[in-house]
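Asker: how does the following fold in three dimensions:
(one chain, ligands or ions: 1)
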Amino acid sequence: MTSMSTDHLYQLVNRSKRNTENVIKTAPLGICITDPHGLFEMVNPAYCQFYGYQEEELIGQHFTLVVPEAYRPHMRQLHDDFIQGDETHELRQEWEVRCKNGETRTIIAEAARIEGDDGVSRKVTFIVDITQRKQLEERLKQANERLEYLAHHDELTGLLNRRQGLTKLEEALERCRRYGNQLSIVLFDLDDFKGINDTYGHSTGDSVLQELTQVVNQQLRETDFQVRLGGEEFLVIMPEVDADSAYTAMERIRQKVEQTPYTEHELTVTLSAGIACYIEASSTRMLDRADKAMYQAKQAGRNQIVIASSSV
Ligand SMILES: Nc1nc2c(ncn2[C@@H]2O[C@H](COP(=O)(O)OP(=O)(O)OP(=O)(O)O)[C@@H](O)[C@H]2O)c(=O)[nH]1
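Answerer: Numbers count the residues shown, from 1 in each chain. Below is the predicted model of the structure:
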């Protein structure tokens with residue numbers, strides 16, 4: 001058996017060292033080594049490129065240079081604890097970091113404790129940039145919130161849409177059945193709205209609907225719900241309110257709506273409304289009674305309110 005020559009052994013050790021150095025240099029993830037005080041001892045090119053620093057700008061600096069100021073004391077403490085602790089590996093964690101140009105990015109960092117040739121512990125940290133993934137997640141979250149909002153709201157006015165409004169009405173009726181609460185609903189519809197669209201255009205009509213929504217909302221109680229049933233037809237659900245009080249509230253709204261000028265054309269808008277109060281009945285029957293009362297208001301010349309008789 002031939003024994004390996006010292007030269008050959010030396011070559012192998014050197015090659016292994018070079019290989020390790022090359023792996024660290026070409027690794028697609030950022031790697032750094034920090035000493036027990038948290039000072040950078042080694043940073044690989046991917047680490048420098050990610051943060052936008054030259055190697056010589058980082059070596060000897062405290063690692064919190066790349067941490068937003070607010071997190072620095074916490075990160076410093078974590079580093080100290082890790083260097084002194086028993087755990088050899090740190091949990092994978094997500095962090096916000098700060099690049100040289102001030103940009104905030106998100107990384108996943110994982111670290112291990114290693115021992116240097118002087119017998120002192122150091123921390124080697126591996127970082128992966130997940131900024132794009134975080135941004136995509138955030139955009140997806142916002143898109144989902146928007147979809148959720150649109151499922152329940154009318155896009156033009158921001159009011160509850162028909163489906164959600166009818167659900168609210170069912171819930172309010174359930175409370176009436178269970179606890180004997182009072183409840184009134186008001187169905188109202190703009191008068192001769194077609195004329196506004198025909199004369200000033202659909203987008204002016206849209207603005208009227210938006211402005212009117214604000215005017216009505218400002219007059220309602222916090223516990224009332226305004227719903228856009230469709231087109232220029234709206235529903236107001238007034239929990240704990242009897243028909244006479246609903247009439248008083250709606251008469252105030254009717255006057256306010258009539259007195260307010262709409263859009264840059266200073267248009268006058270009026271509404272006709274039907275009120276129905278809760279009697280043992282379904283939501284469909286209650287809406288039907290309010291609808292008939294509203295029709296009577298239209299027939300009687302518009303810009304007025306009619307309370308449905310409980311026998312209708
Ligand atoms: N701008 C705009 N117009 C709408 C919208 N939805 C419905 N409309 C219009 O509302 C008008 C409703 O017309 P009609 O049902 O004849 O009612 P009206 O002209 O208000 O007449 P009365 O209700 O009988 O007083 C139509 O011209 C619809 O096109 C909308 O979202 N935006």
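Asker: what's the helix or strand where Met250 lies packed up against?
Answerer: Per DSSP states H and E, Met250 falls inside helix 243-259. Helices and strands touching helix 243-259, by 3 or more C-beta pairs under 8 Å, 6 or more residues apart in numbering; DSSP states H and E, are strand 183-190, helix 202-219, strand 233-239, strand 271-277, strand 305-307. Every residue, glycine included, has its C-beta placed from N, CA and C.
Asker: run a quick neighbour tally on the residue of the stretch 1-150 of the chain found nearest the ligand.
Answerer: When scored by C-beta to the nearest ligand atom, the stretch 1-150 of the chain has Leu150 as its residue closest to the ligand, at 15.1 Å. Neighbourhood size, Leu150 [other C-beta atoms under 10 Å]: 11.
Asker: with adjacent residues omitted, what lies nearest to Gly60?
Answerer: Leu39 (5.8 Å; C-beta to C-beta, 6 or more residues apart in numbering).
Asker: backbone phi and psi for the closest residue to His37 other than its chain neighbours, please?
Answerer: Distances taken as C-beta to C-beta, 6+ apart place His62 nearest to His37, at 7.6 Å, with adjacent residues excluded. The phi/psi pair for His62 (degrees, to the nearest 10) reads phi -70, psi 140.
Asker: so His62 bridges to which residues?
Answerer: Counting by DSSP bridges, His62 is bridged to Leu39.
Asker: ok, it touching Glu41?
Answerer: No: in this structure, His62 is not within contact of Glu41 by C-beta atoms under 8 Å, at 11.7 Å.
Asker: does Val97 touch Ile108 like I think?
Answerer: No: at 10.8 Å, Val97 does not count as touching Ile108 under the criterion of C-beta under 8 Å.
Asker: and these two? which has more neighbours close in?
Answerer: Taking neighbours as other C-beta under 10 Å, Val97 and Ile108 compare with Val97 leading, 21 against 15.
Asker: circling back to that earlier point, now the residue of the stretch 1-150 of the chain closest to the ligand: how far from Ser203?
Answerer: For Leu150, the distance to Ser203 (C-beta to C-beta, to the nearest Å) stands at 20 Å.
Asker: sorry, back to before: how far does the helix holding Met250 sit from the chain's center?
Answerer: 36 Å (C-alpha atoms, centre = their mean, to the nearest Å).
Asker: that one - what's its average pLDDT?
Answerer: Averaging pLDDT along helix 243-259 gives 97.
Asker: which residue is the nearest non-sequential neighbour of Ile196?
Answerer: The nearest residue in space to Ile196 (C-beta to C-beta, 6+ apart) is Gly205, at 5.3 Å.
Asker: likewise Arg98?
Answerer: Nearest non-adjacent residue to Arg98, counting by C-beta to C-beta, 6+ apart: Pro68, 5.0 Å away.
Asker: residues near the residue nearest to Asp224 when sequence neighbours are not counted, how many?
Answerer: The shortest distance from Asp224 to any residue other than its chain neighbours is 5.1 Å, reached at Met238 (C-beta to C-beta, 6+ apart). Counted with other C-beta under 10 Å, residues neighbouring Met238 total 24.
Asker: surely Met238 touches Asn181?
Answerer: No: using C-beta under 8 Å as the test, Met238 is too far from Asn181 to be in contact (11.1 Å).
Asker: which part of this structure gets nearest to the ligand, residue-wise?
Answerer: Closest point on the chain to the ligand, by C-beta to the nearest ligand atom, is Gly205, at 2.5 Å.
Asker: mind checking how far that residue is from Pro28?
Answerer: Separation of Gly205 from Pro28 (C-beta to C-beta): 57 Å.
Asker: repeat for Glu266
Answerer: Distance of Glu266 to Pro28, given as C-beta to C-beta: 65 Å.
Asker: and Thr199, what element?
Answerer: Thr199 belongs to helix 193-200, assigned by DSSP H and E.
Asker: now that helix against strand 271-277, angle please.
Answerer: With axes from the mean of the first three to the mean of the last three C-alpha atoms, to 10 degrees as the basis, helix 193-200 and strand 271-277 are set at 150 degrees to each other.
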